[in-house]
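In: Predicted model and sequence follow; I will ask about them next.
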Amino acid sequence: MVDYTNLKQFSDIKDQLLAAKFSKVGGGGVIDKQNENLENLCKAAELLCDTVNFTSALENVSRKLWIRYNAQPPDTRNRFTRALRVLAEEEQFIVSDNGGVSSQPESLVLTDGGDQNFLSYVQKRYFWKDVMNNEHGEHTHSLQWLAIYEILGAVTPKLYSMTAQYRCSTKDKDKHIYLWSWLVDAFPQNLAGAAPSFGGKEVENSKLVANDFRTPQFFMNYFVRGFFANNLQDNFVAAYLYRRYINRNWISREEDTYDENGIVTKGLSEIKGDSAGKWKSKNQQNQQNQQWKVKTDASGTYERKVGADKTTPKDIRTIKCKFHGVDGKLTMGNNSNQ
């Protein structure tokens, strides 16, 4: 049996992908040895299974984002999502269907709506803010794919779209595992009980569970909870996420702990909070009405109103920082969307 959870080697990844028998939704063939995208899909999965190579790729992404982040005036809201938008569009992803306003940050937020809702965006190569919960992370999928782009280049948006078009069977005959989930949205170990099992004979006892960067929760725990333990202080993406989560009290903190060299590791015990719940709550309704509108063609999807993210300087703190050898200014707010 080819076990999905413990994939590491390229050959095993290929064997598992082929054994799962992913077929195109609506007909049109399966992913087999002749499929032109097989090698690149396996290379992408191999990257996500390898901590050293993935963190190296994300280091490159982080450096690019830091440069584009500082191209935005320091008193601008949403500098991170604006920087992410600029980089994503340079690499042929799409971040907004909001009239193509380049000065806007990411403008799609998905709170629910089921597979068909977000898969339609994936197929069109859209990035979006995902508010499943804080441990999953709102930008995690965007960052996974920008890291994949570092090794695969211009073919990456095509693969991104492809992951929404192929699926395989599960032990539950009425459900499927999409290629998207196989590559970038596996269940973490602590949610293994909710994970589906593959349905093919060679993989039928293997579950969609991973302990690497195929799992968004692993990504967030590595870069946020592991900010000190993994020596990520020079990584802009990690520093931004860590400060944002501290700023919003999304991290539960224990007593400070120290490593063998006497360096404080800050005792971060868990990531907490449910952004999706807040989006749906009555308390957020006023903010949503001011900044967002519900898309009429997709349930559970909000679209940022043009010009709705006006700067309010008094809400913003500017911190002089140096990441990747480049000086700049990091901005955070008192409950702002920086």
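Out: Structure's in. What do you need? Numbering: from 1, shown residues only.
In: The longest helix along the chain: how far from the chain's middle?
Out: In the chain, with assignment by DSSP state H, the single longest helix is helix 51-69. Offset of helix 51-69 from its chain centre (CA atoms, centre = their mean, to the nearest Å): 14 Å.
In: As PDB, could you dump the C-alpha coordinates of the helix or strand following that helix?
Out: From helix 51-69 onward toward the C-terminus, using DSSP states H and E, the following helix or strand is helix 79-90. Extracted C-alpha coordinates of helix 79-90, given in PDB (Å, rounded to 0.1, in the frame of the first residue of the first chain):
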ATOM      1  CA  ARG A  79       0.200  46.600   2.800                       C
ATOM      2  CA  PHE A  80       0.700  42.800   3.100                       C
ATOM      3  CA  THR A  81      -2.300  41.900   0.900                       C
ATOM      4  CA  ARG A  82      -1.300  44.600  -1.600                       C
ATOM      5  CA  ALA A  83       2.200  43.300  -1.800                       C
ATOM      6  CA  LEU A  84       0.900  39.700  -2.200                       C
ATOM      7  CA  ARG A  85      -1.400  40.900  -4.900                       C
ATOM      8  CA  VAL A  86       1.400  42.600  -6.900                       C
ATOM      9  CA  LEU A  87       3.600  39.500  -6.700                       C
ATOM     10  CA  ALA A  88       0.700  37.100  -7.500                       C
ATOM     11  CA  GLU A  89      -0.300  39.000 -10.600                       C
ATOM     12  CA  GLU A  90       3.300  39.200 -11.800                       C
END
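In: Show me what helix 79-90 is packed against.
Out: helix 51-69, helix 140-152 (3 or more CB pairs under 8 Å, 6 or more residues apart in numbering; DSSP states H and E). Where you see a C-beta, it was placed from the backbone N, CA and C, and this is true even at glycine.
In: average pLDDT across it?
Out: For helix 79-90, mean pLDDT is 90.
In: Stretch 33-49 now?
Out: pLDDT averaged over stretch 33-49 gives 97.
In: Now it: buried residues?
Out: Applying a neighbour-count criterion of 16 or more other CB atoms under 10 Å, one finds 35, 37, 40-49 buried in stretch 33-49.
In: Kindly report the same for stretch 185-196.
Out: For stretch 185-196, by 16+ other CB under 10 Å, it's 185-188, 195-196.
In: Quick one: these as a markdown table, columns for secondary structure, distance to residue 5 and pLDDT too.
Out: Shown next, in a markdown table, are those (DSSP: H, G, I helix; E, B strand; the rest coil; distance: CB to CB, whole Å; pLDDT from 0 to 100):
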| residue | secondary structure | distance to residue 5 | pLDDT |
| --- | --- | --- | --- |
| 185 | coil | 14 | 95 |
| 186 | coil | 8 | 96 |
| 187 | strand | 10 | 95 |
| 188 | coil | 11 | 93 |
| 195 | coil | 9 | 94 |
| 196 | coil | 13 | 93 |
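In: Let me know the closest of the residues you listed to residue 147.
Out: Within those, proximity to residue 147 (CB to CB) peaks at residue 185, which comes in at 14.8 Å.
In: Number of residues surrounding the nearest residue to the closest one once chain neighbours are set aside?
Out: In space, and not counting its chain neighbours, residue 185 is closest to residue 216: 6.6 Å by CB to CB, 6 or more residues apart in numbering. Per other CB atoms under 10 Å, the neighbour tally for residue 216 reads 25.
In: So for residue 216, what's the pLDDT?
Out: Model confidence at residue 216, given as pLDDT, is 94.
In: again, but for the one 5 residues further on
Out: Residue-level confidence at residue 221 comes out at 90, pLDDT.
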